[in-house]
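>>> predicted coordinates and the sequence they were generated for:
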Amino acid sequence: MQNVWKSTRMGTGWSAPAPLIEAKFGVYDFMPTQSGRFYVGSNAGPEDAKNGATYVFSRLTFAKDGVQVKSLGQPLNTKGFNGDFFVAPDESYMIVSTNETPDYESELYIAFRKADDRWTVPVSLGPINDGVAHRWGQFVTADGRYLFFSHGTSEKDCAVYWVRFDHLLEKLRAAAKKAG
């Protein structure tokens, strides 16, 4: 059983945490957005598994009969584990950890949401991906200026890095348009 917990602001403190979602499927990196949509990493369904994915980027919705999860499909979900991501609060872009190897090495890529609710082909964040490492935990500050992410090749050398992101974002958006 996988759980997502919720606390409510109450006066000067917070309520005790209580389960918001109790799922019989994997829930990884639960991320709400301004629109009220929720994104998660979750178990691969038959179509994604056929393409070699073990875990996939998905959209989660609450329904009368429980929680429903729908894969965001390709081109976002690639072979292997697709679980570490950041969705912009306005859902204009998603930064994903991808190209994961059996040794958990991965790179950061970005995809942009199209008007038809599909996503562009992800493009590399460039020099951030230089060298062999596991990159995860990506997060962009509320003002959109900085990207934070974890980077390491072993438990001994993992660290949090940050880069100026707002200027890089415009270059990446142009690269995504070229890639189609």
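Looks like it arrived, so ask away.

>>> look at Phe85 and report its pLDDT.
Here, the pLDDT recorded for Phe85 equals 92.

>>> can you get me a residue count around the nearest residue to it once chain neighbours are set aside?
In space, and not counting its chain neighbours, Phe85 is closest to Val96: 4.7 Å by CB to CB, 6 or more residues apart in numbering. In short, each C-beta sits where N, CA and C put it, glycine included. Other residues lying near Val96 total 26 when counted by other CB atoms under 10 Å.

>>> return the residues in contact with Leu86.
Not quite, residue 86 is Phe, not Leu. For Phe86, the contacting residues are 31, 94-95, 138-140, taking CB atoms under 8 Å, 6 or more residues apart in numbering as the criterion.

>>> could I get the residues you listed as CSV with pLDDT?
Formatted as CSV, the entries for the contacts of Phe86 read as follows, by pLDDT from 0 to 100:
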residue, pLDDT
Met31, 87
Met94, 96
Ile95, 96
Gln138, 94
Phe139, 95
Val140, 97
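
>>> isn't the residue nearest to Phe85 up against Val121?
No. Here Val96 lies out of contact with Val121, judged by CB atoms under 8 Å, at a distance of 11.6 Å.

>>> need the residues touching each of these two.
Where contact means CB under 8 Å, 6+ apart, the residues bridging Val96 and Val121 through contact with each are Ala111.

>>> just the helices in the protein please.
In the chain, helices defined by DSSP state H lie at 46-50, 166-179, listed in chain order.

>>> can I get those in CSV including distance to Ala111 and mean neighbour count?
CSV is the format used below for those (distance: least, CB to CB, whole Å; neighbours: other CB atoms under 10 Å):
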stretch, distance to Ala111, mean neighbour count
helix 46-50, 16, 13
helix 166-179, 7, 14
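
>>> as CSV, those with mean pLDDT and distance to Gly80 would be great.
Below are the helices of the chain laid out as CSV (pLDDT from 0 to 100; distance: least, CB to CB, whole Å):
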stretch, mean pLDDT, distance to Gly80
helix 46-50, 90, 11
helix 166-179, 88, 21
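
>>> closest one to Ala159 among the ones you listed?
Minimum separation from Ala159 across the helices of the chain (CB to CB) falls at helix 166-179, 19.7 Å.

>>> which strands and helices sit next to that closest one?
Helix 166-179 sits against strand 107-112, strand 123-124, with contacts defined as 3 or more CB pairs under 8 Å, 6 or more residues apart in numbering; DSSP states H and E.

>>> at 10 Å what do you get?
The helices and strands touching helix 166-179, judged by 3 or more CB pairs under 10 Å, 6 or more residues apart in numbering; DSSP states H and E, are strand 93-98, strand 107-112, strand 123-124, strand 146-152.
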